[in-house]
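Chemist: need a 3D model of the following:
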Amino acid sequence: MPLPTPTLHTARLRLRPFADDDADDLFALQSNAHVLRYWDSPAWKDRSRIARFMNGCRQMADEGTGVRVAIERNSDQAFAGWCTFNSWNPDFRSASLGYCLNEESWGHGYATEAARALLGWAFDALDLNRVQAETDTRNTASARVLEKLGFVREGTLREDCIVNGDVSDTWVYGLLRRDWNRLGAA
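Modeler: Have a look, this model is predicted:
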């Protein structure tokens, strides 16, 4: 069953389905090696990746396994990055959360604000019990975002990724519906 990609509004952001007009901003984000230094895949070098990313967004929504939204600032409609809710499993009532923001958007609380909005939508729209997120152990900024949202660090995947020859560990975080509700995040 399809999972329609929502348009969500926060005090400073609009989360919306990706549009063809996002192509240049998306490529600038995903081809920035500094932004992606903690990712499990290298920065893009080929613009053909844009079409694959956009098709992946549509396919995820069409198959009902998740949604990925573009994040733009309300103040100037500038593209700030993206946030994703994926790997939705209705049998286990679980899913995963991810996000990627451009450098200009770092340090302003946009990742937390966007992720909180998408989580709120997911907990409300689906019979969701658990959301998982992962981050490279060196990415303390991302870990702080997850902890602000109420995620609990549940473990470490040792030497989980090798990107550009660098071996790294991954922290696994979990957020349960009861904790989300208790924190009043919904």
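Chemist: mind pulling up the pLDDT for residue 24?
Modeler: pLDDT for residue 24: 97.
Chemist: quickly find the element holding it.
Modeler: Applying DSSP states H and E as the criterion places residue 24 in helix 23-30.
Chemist: next one: residue 150
Modeler: Residue 150 belongs to no helix or strand when assigned by DSSP H and E.
Chemist: burial of it, as a residue count?
Modeler: Residue 150 has 20 neighbours, counted by other C-beta atoms under 10 Å. In this view, the C-beta of every residue, glycine as well, is placed from N, C-alpha and C.
Chemist: now do the contacts for it.
Modeler: Neighbouring residues of residue 150 by C-beta atoms under 8 Å, 6 or more residues apart in numbering: 175, 179-180, 183, 185.
Chemist: likewise for residue 119?
Modeler: Going by C-beta under 8 Å, 6+ apart, residue 119 touches 85, 97, 131, 149, 175, 180, 185.
Chemist: and for residue 162?
Modeler: residue 168.
Chemist: could you identify the helix or strand that succeeds the helix or strand it falls within?
Modeler: Using DSSP H and E, residue 162 falls within strand 152-163. Counting by DSSP H and E, the element after strand 152-163 in chain order, helix or strand, is strand 166-176.
Chemist: list the buried residues of that following strand.
Modeler: By 16 or more other C-beta atoms under 10 Å, the buried positions in strand 166-176 come out as 168, 170-176.
Chemist: got a markdown table for those, with pLDDT and distance to residue 13 too?
Modeler: Output for these, formatted as a markdown table (pLDDT from 0 to 100; distance: C-beta to C-beta, whole Å):
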| residue | pLDDT | distance to residue 13 |
| --- | --- | --- |
| 168 | 93 | 29 |
| 170 | 96 | 27 |
| 171 | 97 | 25 |
| 172 | 98 | 27 |
| 173 | 98 | 22 |
| 174 | 98 | 25 |
| 175 | 98 | 20 |
| 176 | 97 | 25 |
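Chemist: separation between residue 31 and residue 14?
Modeler: From residue 31 across to residue 14, the span is 24 Å (C-beta to C-beta, to the nearest Å).
Chemist: so residue 99: helix, strand or coil?
Modeler: strand (DSSP: H, G, I helix; E, B strand; the rest coil).
Chemist: what's the burial count for residue 19?
Modeler: 9.
Chemist: from residue 1, how far off is it?
Modeler: In this view, residue 19 and residue 1 are 24 Å apart by C-beta to C-beta.
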